[in-house]
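*Asks:* sequence and predicted structure below; questions after.
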Amino acid sequence: MAENPVFEHATRFLSALRHCQVLGLQVHSASSEGLTVILPYSEKIVGNPETGVIHGGAITSLMDTACGMSTLCVLPEFEVCPTLDLRIDYMHAAEPNKAVYGFAQCYRVTTDVIFARGFAYQDDPEQPIAHVVGTFMRMGIGLKGSKGFAGAIKGASQ
């Protein structure tokens, strides 16, 4: 299997964030075109115990993370890029007992801001649970305090 540095960086990114660990987020796929992150179904993320429907906050975390991580797909080096704005339009509730997939891609990169969009789905990407658009601030490569985090993302060998 060919080496995929975007996939490897994205996997390391998820493992460095505590909330991603708690949610059990996993990288499904990643390339220069965008990435897909999986939110596995779990009783811990249920918003309505009577129906088993996933809480909207878990899906918001999935999509914020996927959009933020999509910056790894377009930037030549890791940069800290915190969320400036995130809008999610929910189309329908996620079905209980099924994982949710979050796809995101960057569609515009400027010197200060990165623009991302994506969608959450379960079985069929053509039937999205939610659509998302977000903006992320470019803090720069040499941001003080980010070198340890950047090293964790890039891996010790780089």
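*Replies:* That came through fine.

*Asks:* tell me where the model's unsure across the chain.
*Replies:* Counting by pLDDT under 70, the ranges of the chain that qualify are 1-2, 141-158.

*Asks:* residue nearest the centroid of it?
*Replies:* For the chain, the residue nearest the mean C-alpha position is Ala66 (1.4 Å; Cα atoms, centre = their mean).

*Asks:* what about it, which SS state?
*Replies:* Three-state assignment for Ala66 (DSSP: H, G, I helix; E, B strand; the rest coil): helix.

*Asks:* how about it, what does it touch?
*Replies:* Contacts of Ala66 were listed using Cβ atoms under 8 Å, 6 or more residues apart in numbering, and they are 35-37, 102-104, 118, 132. Placement of C-beta: from N, CA and C, glycine included.

*Asks:* again, only using 10 Å
*Replies:* Residues in contact with Ala66 (Cβ atoms under 10 Å, 6 or more residues apart in numbering) are 10, 25, 27-28, 34-39, 101-105, 116, 118-120, 132, 134.

*Asks:* and the helices in this protein?
*Replies:* Applying DSSP state H to the chain gives helices spanning 5-16, 18-23, 56-69, 71-74, 147-154.

*Asks:* can you tell me which of the ones you listed is packed in deepest?
*Replies:* Highest mean neighbour count of the helices of the chain: helix 56-69, a mean of 22 (counted as mean count of other Cβ atoms under 10 Å).

*Asks:* which residues in the chain form strands?
*Replies:* Ranges of strands in the chain, per DSSP state E, are 26-31, 34-39, 46-48, 53-54, 83-90, 100-109, 113-121, 130-137.

*Asks:* for Arg108, list each beta-bridge partner.
*Replies:* For Arg108, the beta-bridge partners are Phe115 (DSSP bridges).
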